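Asker: Sharing a model prediction with you, sequence too.
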Amino acid sequence: MAAYHLVLSTDLRSVFAAGIFVFAILFSITSLAGAGAEQRRRIYFLESLSPTQPAATRTIEGFKKRLSEKTTESFEIYIDYMELGRFSGQAHLDRTARFLTGKYAEGPPDVLITLGRAAVPFMLKYRDVIAPQVPIIIASVPARAAAEAKALVDAVYVVTEYNFAKTLELAQQLQPDARNLVLVGGASEYDRSWVNDARHELEPFSNRFKIQYVIGLPYDDMLREVSQLSRHTIVMMSFVFVDGAGQSRVPPDVAAAVANISAAPVYSPVSTFFGRGVIGGYMDSYEAQGIAAADLAVEILSGKAPAALHRETKPSHRYQVDARQLERWGLSSRNLPPQTAVSWQEPSLWEQHRNLVLAGILVFAVQTGLVGALLIHQRQRQRAEALLKESEERMTFTAASANVGMWQFNRETKDLWTTEHCRTMFGLANDDPLTGSMLLEAIHPEDREIAASSLRETLNPDKPAGADVRVVLPNDGVRWVRILARSNPDVGGALKQLSGIFVDISEQKAAETDAALQRNEVAHLMRASVLGQLSGAIAHEINQPLTAILSNAQGALHLLAQNSPDLAEVRDALQDIVDEDNRAGEVVHRLRNLLRKGERKIESVDVNDLVNSTIALLNSEFISRRISVKVDLANWLPATSGDPVQLQQVLLNLVINAMDAMASTPVAQRLVTISTRATRAGAVEVGVTDCGCGIRPVEQGRLFEPFYTTKSHGLGLGLTICSTIIHAHGGKLALTNNEVGGALAVFSLPAREMLFAAQ
């Protein structure tokens, strides 16, 4: 036996040692895992009633949703129910306190949130035991209960207001003839606390209403009482957690049963009763209670002390009514207070099916089979069609009066709809079936691609298309039409429908043509005016070669009269005659180009050659005015495109302006500088600088105004025409004061390569 005992003891010691070793390993692993995991903070809810109450559910759901919006931190959320409505004895209170004390000791809460009025006296008695130093948020309590809990430290309140007085004011407006008021409530102490609050609020109305209290009755007796009330009675519903028979009840279910069987409309300020058959009341929502509690919890968890927060937070209240119950009891919504929220309001048939009302009337008439209803509907339909036709005629007449035609085109079916004025604009017969190809064929062949490309642009719904095209009329006349179109996406986003208008712009185009002709006439007159001013210089330019021709011809005749004429000298004299004749012809050619009229001719222009020919044309004028000319022309200057006559007119005008500006300048200082250069942007720039008095401040900004001039003999059109010509060539013209004195006129033209790239 001793040997056996020794072996057994040895085995036990081995097993015990192995167990200790395994436990140590498991403890180490658990400790490491716990240390590696992040410890989440705890939020405890303490609901004073049972899990069957929807008020707690709504409050907690509102809290969780708001918490997820306010912070990304993850929390452990616990919910305990104290059942104080069904178990109100001291023994239950003590058991609940012991349970919570142990639970909170094992997992201390970072924030404790109590829900309901019954939690206030419980926390006043047991707070120092169960959660002595934990911040507390007491939610869903009336302001009176919060005032009774001043002894609680580190506590803030989300107060609710079950305002029976304001709810009665709502009922008065909806039932102005009512003289009886009935208050329905439960039998428990918790129920009676709410009833006492309601009594206190309704007492001031006792002089107007006969107040009856249906309090503490068994469930069936309570329903029987309200079913026998007069129609002109206002029923006010309070909480029923326990009926007179001691049975536990769910207050929203009781409110629904009372509202369903009552012979008079039922009201309540409790939001969980709303939508269960009551008319409505002055109320907040339990979701709003949860949101307010979440905002306070975030502040506390971020480190703020409860004492630094507002002691009481009150979610906003408002009047709320159930539109279904208004209709049930025949109460008018026009009697509601301003800003009342109306829920479950059915939209009208027109709001639901705006486009199907007429079809619905037709279907109703067919379904009923009543001939009278069918005749009425038919009469209404005929009237609507007449009004629609009249409206369409007015719209069509208005559009035609404005020379506008409207149209629609379906890309899939190829159906085309137009107003009759469209046919007139395109010169089409009224009896011909109208198609899109017919409209395109009526457009001038040179403009058809423009019209087609503009319509292709409507594939982008955000970009309306437009183009100006010519329409060839049957009498060979031409009409200008502006096409404006855009695509209308259907429900699926497909661009099947194309709509737009045709606008007759023939008069506008004619006016633009007349304006262009007038501008050309004025420009031609300006050139003739300039040549008039230069008549002396021009005569001198032509007289010189003519004099030389005469001298050389006389010399040749003299040589030929000799017996042995020197033919070489005769040949030289004749060659001089040819050269001088060419010189005179060049002068005449330049004058003809400058004086010619007609459309603008676009060709390649060498700006340096333009400068040289202009200087040659003004050579005698420079001499007569005793003005020196300095030319600074850039090498390898790119060519530009434009009308050389118009561009020479601009340069001629700018140089003459420069000469006029130096009329009072001493002769030794009279200098006109003409320069050219190529800019980095790829443009050709020409500058004309004088040594005059410059541009005065009063003249700044007005130099390009029509008929504004600083010359006694000027018309005020020269710079305006020059600016118009340069802008038409895609360039810019500017006049500024030169840094060293005088004025500087600069115009730039795009290089020929840039113009081709843009095209």
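Answerer: Perfect, I can see it now.
Asker: from here on, contacts and neighbour counts on C-alpha atoms
Answerer: Fine.
Asker: Let me know the next secondary structure element after the one helix or strand L170 maps to.
Answerer: Taking DSSP states H and E as the definition, one finds L170 inside helix 164-174. Moving toward the C-terminus from helix 164-174, the first helix or strand encountered (DSSP H and E) is strand 180-185.
Asker: What pairs with that following strand, parallel or antiparallel?
Answerer: strand 210-215 (parallel), strand 233-237 (parallel) (DSSP bridges).
Asker: I'd like those strands laid out as CSV, including mean neighbour count.
Answerer: Output for the strands paired with strand 180-185, formatted as CSV (neighbours: other Cα atoms under 10 Å):
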stretch, mean neighbour count
strand 210-215, 16
strand 233-237, 26
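Asker: closest to R680 out of those strands?
Answerer: strand 233-237 (86.4 Å; Cα to Cα).
Asker: closest to A556 out of the strands paired with strand 180-185?
Answerer: Judging the strands paired with strand 180-185 by Cα to Cα, what sits closest to A556 is strand 233-237, at 136.3 Å.
Asker: Please enumerate residues in contact with the closest one?
Answerer: With Cα atoms under 8 Å, 6 or more residues apart in numbering as the contact definition, strand 233-237 has outside contacts at 164, 168, 171, 175, 178-185, 255, 264-268.
Asker: would you list every one of the helices in the stretch 601-750 of the chain?
Answerer: Using DSSP state H, counting those that start in this stretch, the helices of the stretch 601-750 of the chain run over 607-617, 619-624, 644-661, 718-728.
Asker: tell me the most buried of those?
Answerer: Burial of the helices of the stretch 601-750 of the chain is given as mean neighbour count (mean count of other Cα atoms under 10 Å); helix 644-661 ranks first at a mean of 21.
Asker: Could you give the average pLDDT over it?
Answerer: In this model, helix 644-661 carries a mean pLDDT of 85.
Asker: Just tell me which of the helices of the stretch 601-750 of the chain ends up closest to I279.
Answerer: Per Cα to Cα, nearest to I279 of the helices of the stretch 601-750 of the chain: helix 718-728, 75.2 Å.
Asker: now that closest one against helix 644-661, angle please.
Answerer: With axes from the mean of the first three to the mean of the last three Cα atoms, to 10 degrees applied, the angle from helix 718-728 to helix 644-661 works out at 140 degrees.
Asker: So what's the gap between helix 718-728 and the chain middle?
Answerer: Taking the mean of its C-alpha atoms, helix 718-728 sits 41 Å from the chain's own mean (Cα atoms, centre = their mean, to the nearest Å).
Asker: Give me the helices and strands touching the lengthiest strand in the chain, please.
Answerer: Using DSSP state E to define each element, the chain has its longest strand at strand 478-488. Using 3 or more Cα pairs under 8 Å, 6 or more residues apart in numbering; DSSP states H and E as the contact test, the elements touching strand 478-488 are strand 465-472, strand 497-504, helix 506-533.
Asker: which one of the ones you listed has the lowest average pLDDT?
Answerer: Taking the mean pLDDT of the helices and strands packed on strand 478-488, helix 506-533 comes last: a mean of 63.
Asker: Could I have the PyMOL command that selects the buried members from the contacts of strand 233-237?
Answerer: Buried subset of the contacts of strand 233-237, written as a PyMOL selection, criterion 16 or more other Cα atoms under 10 Å:
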select buried, resi 164+168+171+175+178+180+181+182+183+184+185+255+264+265+266+267+268
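Asker: Could you look up the SS state of Q345?
Answerer: coil (DSSP: H, G, I helix; E, B strand; the rest coil).
Asker: List the residues that contact it.
Answerer: D322, A323, R324.
Asker: distance of the second one from V235?
Answerer: Distance of A323 to V235, computed by Cα to Cα, to the nearest Å: 18 Å.
Asker: Which residue, neighbours along the chain excluded, lies closest to E705?
Answerer: T720 (6.4 Å; Cα to Cα, 6 or more residues apart in numbering).
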